[in-house]
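> Mind folding the following:
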Amino acid sequence: MTSHESPRLELPLSGKVAIVTGSGRGIGAATALYLADLGSDVVVNYLNNSEAAQEVRDQIVGKGRRSIAIGADVSTPSGADSLATAALDEFGRIDILVSNAGPLFRPISLVDMTWDDFGGLLNQDLQAAFNSTKAVLPTMIESHFGRIVYVGSASAYHPTPGLAHHGSARASISTFSAYVAKEMGEYGITSNVVSSGMVRTERTAAAGDTIARMDAMTPAGRIAEPGDVARAIGVFADDAEGFFTGTNFPVDGGLTAGR
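Okay, the predicted model is just below:
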């Protein structure tokens, strides 16, 4: 290195491999791209929209990282296992899991909600988190290292009318994450939840009036962008943050401050 050259600083996730479930768009896509910015190679997972996932994959490769896009339904054990196998076949390791995949849902009042509405969402959300976790644990235990981050929701601890099914499902994931933290800590595996309030994504784009109300209610003056959530996830994915585990971190602009 000559005297006028600056030293090359190693990125915090250099050499790591991350799986981000449901990463073809929204929070998942922003997270996959941000982890690549931090130096990680990334497995992009999608359920139906292969074109969107390939676009995310191409952007990651454009950043100088390795990436593959894998279609798999992680709400099934076979889908989650196939995703982990593809990651290991391509990269030989899995260091980070971001469990983001979840079913689409619509707000329903408790009066109109059926058990199929409630239990169906609860079942699919928990299955996606559980199966994804089970699929990556063997290799994380073997390497004595792992960072697992679950995408939660402020509605889990800040009840919002119409979201009893979604809030209850995400509250269950938070409890599950705490058990992962307790049981896997001895293997160098951390488990945390990043819980957002309303996020400006394709899913919420049509909810103009609701977004305006939430902007006004939020101390920060706006709802979250996907990148806000992604940056918080990046903190818990860092291999230097091994003491952060079993937490539920809100990313809601102060909406639930003081809870």
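
> Could you list the buried residues of stretch 116-129?
Neighbour-count burial for stretch 116-129, with 16 or more other CB atoms under 10 Å as criterion, is recorded at 117, 118, 121, 122, 124, 125, 126, 127, 128, 129. Placement of C-beta: from N, CA and C, glycine included.

> Using CSV, write out every CA atom in that stretch.
Extracted in CSV, the C-alpha atoms of stretch 116-129 (Å, rounded to 0.1, in the frame of the first residue of the first chain):
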residue,chain,number,x,y,z
ASP,A,116,-60.1,-19.9,10.0
ASP,A,117,-59.1,-16.2,9.7
PHE,A,118,-57.4,-16.3,13.1
GLY,A,119,-56.0,-19.8,13.4
GLY,A,120,-55.0,-19.9,9.7
LEU,A,121,-52.8,-16.8,9.9
LEU,A,122,-51.4,-17.9,13.3
ASN,A,123,-50.6,-21.4,11.9
GLN,A,124,-48.9,-20.1,8.7
ASP,A,125,-46.8,-17.4,10.4
LEU,A,126,-45.6,-19.8,13.1
GLN,A,127,-44.9,-22.6,10.6
ALA,A,128,-42.7,-20.3,8.5
ALA,A,129,-40.7,-19.2,11.5
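
> what about that stretch, distance to the chain center?
In this view, stretch 116-129 has its centroid 17 Å away from the chain centroid, taken as CA atoms, centre = their mean, to the nearest Å.

> again, but for stretch 246-257
Using CA atoms, centre = their mean, the offset of stretch 246-257 from its chain centre is 15 Å.

> go on, stretch 107-125?
Per CA atoms, centre = their mean, the centroid offset for stretch 107-125 relative to its chain is 22 Å.

> Now do the same contact list for the residue nearest to residue 98 when sequence neighbours are not counted.
Closest residue to residue 98 apart from its sequence neighbours, by CB to CB, 6 or more residues apart in numbering: residue 20 at 4.4 Å. Listed by CB atoms under 8 Å, 6 or more residues apart in numbering, the contact set of residue 20 reads 28, 31, 32, 35, 42, 43, 44, 45, 98, 100.

> Please narrow these to those residing in strands.
The strands, defined by DSSP state E, take in 42, 43, 44, 45, 98 from the contacts of residue 20.

> top of those by neighbour count?
Among the ones in strands among the contacts of residue 20, the one with the most neighbours (other CB atoms under 10 Å) is residue 42, at 32 neighbours.

> Please give me every residue in contact with that residue.
Counting by CB under 8 Å, 6+ apart, residue 42 has contacts 17, 18, 19, 20, 23, 32, 35, 36, 60, 65, 66, 67.

> And the buried ones among those residues, selectable in ChimeraX?
Buried subset of these, written as a ChimeraX selection, criterion 16+ other CB under 10 Å:
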select :17,18,19,20,23,32,35,36,60,65,67
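
> Next step: the contacts of residue 42 restricted to helices.
32, 35, 36, 60 (DSSP state H).
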